[in-house]
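**Q** take this sequence and fold it.
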Amino acid sequence: MGLLDKFRTMFKSERLDVAARFEILRSAVSGTMSQFYMVRDKQTGRVAGLKLADPEKVDFFESRFKGLKKPSEGEIAMRFKHPRIVETYEYGTTTEGQSYLLMEFLEGAGMQTLVYNRDPILQGKRVILIRQMAEAIDAVHKTGFIHRDVCPRNFICTTREATALKLIDFGLTLPARKEFMQPGNRTGTPLYMAPEIVRRRWTDQRVDTFSFGVTAYQVCAFELPWPIGETSGLAALAHDTHAPRDIHEYYPKLNATVARAIMKCIEPDPKNRFASIDQFLQAIRKVDRDED
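**A** Take a look at the predicted model:
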């Protein structure tokens, strides 16, 4: 889709008739605020991903930012043009009143599935994939946003061999501006949530650094830095009251430079983390393998 077509899509007034335009190829995957389908466009034959939002849940989330001129998920997703971020083709509203996003369909496995299954396919590829994760988040930050839900679930491999991945889901993404970083917004996935979120403190892009660090830790260790006794918001309370287990306890052979960088990302005090994801990338730039 060309730039002019995308521009027209953003401002078109007609609503999408899902059944008329698309053939559903795969049943829905339920997310926090939406359902996702693999579809085929009946006119072009293109296979794509269709995300349909739950109106009540989206309205409840958006109500937190009333009067702040928050861009919609579709407006945000269309801003990202990066090889490590899923491409969004168009967005709008369906005839049923649901917000929708149409995006590229990624064929590979989700990182959450690979981690949960302790899949050996990750052997020897962890540094490559972690670097790609960081590149995706860095692109989000440099575009002026905070993802707010970095976790294995939101990284999808683009190859069956799990040699490349992309970042998805901007349903909780916010502009990196003061009015959106005030204390009180406790959205996110608790097991990956930075302490300043759950403690209702001021936030910034370093909340993504923390969540990324937990994700990278899990990709390497197949475990979380803290014991799982709770999966609700209470889980995040341990992130600044209990020291994380050193990643080398789970993966003794992990490259020492990578291990130090990951542990720095999950420092409870944001001042002790990397000031930016780009700094993490610089810290591991010379590393080309998982193990020392």
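
**Q** show me where this structure has helices.
**A** For the chain, applying DSSP state H gives helices covering 3-11, 18-21, 55-62, 73-77, 111-116, 126-142, 195-198, 206-221, 256-265, 277-283.

**Q** packing partners for the fifth one?
**A** In other words, helix 111-116. Other elements packing on helix 111-116 under the criterion 3 or more CB pairs under 8 Å, 6 or more residues apart in numbering; DSSP states H and E are strand 155-157, helix 206-221. Where you see a C-beta, it was placed from the backbone N, CA and C, and this is true even at glycine.

**Q** go on, the last one?
**A** In this structure, helix 277-283 packs against helix 126-142, helix 206-221, helix 256-265, with contacts taken as 3+ CB pairs under 8 Å, 6+ apart.

**Q** what is the mean pLDDT for that helix?
**A** For helix 277-283, the mean pLDDT works out to 98.

**Q** that helix: how far from the chain's middle?
**A** With CA atoms, centre = their mean, to the nearest Å as the basis, helix 277-283 stands 18 Å off its chain's centre.

**Q** how about that helix: buried residues?
**A** By 16 or more other CB atoms under 10 Å, the buried positions in helix 277-283 come out as 277, 279, 280, 281, 283.

**Q** same question, the fifth one
**A** In terms of neighbour count (16+ other CB under 10 Å), helix 111-116 has its buried residues at 111, 112, 114, 115.

**Q** how near is the closest residue to residue 79 other than its chain neighbours to residue 121?
**A** Nearest residue to residue 79, sequence neighbours excluded (CB to CB, 6 or more residues apart in numbering): residue 143, at 5.5 Å. According to CB to CB, to the nearest Å, residue 143 stands 31 Å off from residue 121.

**Q** with residue 38 instead?
**A** Distance of residue 38 to residue 121, given as CB to CB: 22 Å.

**Q** who's in contact with residue 235?
**A** The contact partners of residue 235, by CB atoms under 8 Å, 6 or more residues apart in numbering, come to 190, 191, 193, 226, 228, 229.

**Q** narrow these to those that are buried.
**A** So, by 16+ other CB under 10 Å, the buried ones in the contacts of residue 235 are 190, 191, 193, 226.

**Q** need these in a markdown table (columns: pLDDT).
**A** Shown next, in a markdown table, are the buried ones among the contacts of residue 235 (pLDDT from 0 to 100):
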| residue | pLDDT |
| --- | --- |
| 190 | 90 |
| 191 | 93 |
| 193 | 93 |
| 226 | 91 |
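
**Q** give me the domain ranges for this structure.
**A** As assigned by automatic domain parsing, the chain contains the domains 3-103, 111-283.
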